[in-house]
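Engineer: Below is the sequence, then the predicted model.
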Amino acid sequence: MSNNFHTPTADLAAGTTARAADVNDKFDAVEVGFDNAEAVIDLAIKLPVGSGNQQITETAPNRASKEVGFDANGDLALISSAFQWKGDWVTATAYIKNDVVVDQSTKNIYHVTADYTSGASVSVDVAASDLALMVNVSDIETAKTAAETAETNAETAQTAAELAETNAATSATSAST
């Protein structure tokens, strides 16, 4: 990869006369270097981090399988619950945004839209926009039933076609005799 920040210019040696053109070349090279750095910085992803310098200081094992995000205060943080499967939805349970739960009565799969503590029922939480439907199991079961019906109809049609072929062959044999 080329170095975008280096522009060769005349060397200025200590104890010698600095010619104006050589000094101007050095300043021009510095200016080009800053311009190149600015161009690269302008293309970088920047995150708002509030006041001060925020760093994630966790060790590698503590950072494993986590994502960089923002906490409830808007500060940079490691998020350990991005779309984690929580299993059956349970009342009076603290859920974190993007947790994934299943409604045992319908088998539908939901994701949590914001940090909250679950209410009296899944339908109450859906109405409050705390849960959003990800997978509607009844739609999948309907599609499965339709596919099974289509398969049965195709098998029936194939059997009928084979029977018609056999009957045609029998008729042809009878006609020739």
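Structural biologist: Right, received. Where do you want to start?

Engineer: Go ahead and measure how far stretch 72-92 is from the middle of the chain.
Structural biologist: 15 Å (Cα atoms, centre = their mean, to the nearest Å).

Engineer: What of stretch 71-81?
Structural biologist: Worked out by Cα atoms, centre = their mean, stretch 71-81 lies 17 Å from the chain centre.

Engineer: so for it, what's the average pLDDT?
Structural biologist: Mean pLDDT, computed over stretch 71-81, is 75.

Engineer: Next, the residues that contact it from outside, please.
Structural biologist: Applying Cβ atoms under 8 Å, 6 or more residues apart in numbering, the contact partners of stretch 71-81 are 47-50, 54, 56, 58, 62-63, 65-70, 96-99, 115. C-betas here are computed from N, CA, C, even on glycine.

Engineer: Just the buried ones out of those, please.
Structural biologist: Among the contacts of stretch 71-81, those classed as buried by 16 or more other Cβ atoms under 10 Å are 97-99.

Engineer: Looking at those, which are in strands?
Structural biologist: Per DSSP state E, strands hold no members of those.

Engineer: now, which of the residues you listed sits nearest residue 137?
Structural biologist: residue 99 (18.3 Å; Cβ to Cβ).

Engineer: what's the single longest helix in the chain?
Structural biologist: Taking DSSP state H as the criterion, the chain has its longest helix at helix 137-176.

Engineer: can you pull out the strands in the protein?
Structural biologist: Using DSSP E, strands in the chain cover 67-70, 76-79, 85-88, 94-95, 100-102, 109-112, 116-117, 131-135.

Engineer: Pairing partners for the third one, with directions?
Structural biologist: Taking DSSP bridges as the criterion, strand 85-88 sits next to strand 100-102 (parallel) in its sheet.

Engineer: got a pLDDT number for residue 135?
Structural biologist: 92.

Engineer: what sits against it?
Structural biologist: Contacts of residue 135 (Cβ under 8 Å, 6+ apart): 108-109.

Engineer: Please name the bridge partners of it.
Structural biologist: Bridge pairing for residue 135 - DSSP bridges - gives residue 109.

Engineer: how close does it sit to residue 102?
Structural biologist: 9 Å (Cβ to Cβ, to the nearest Å).
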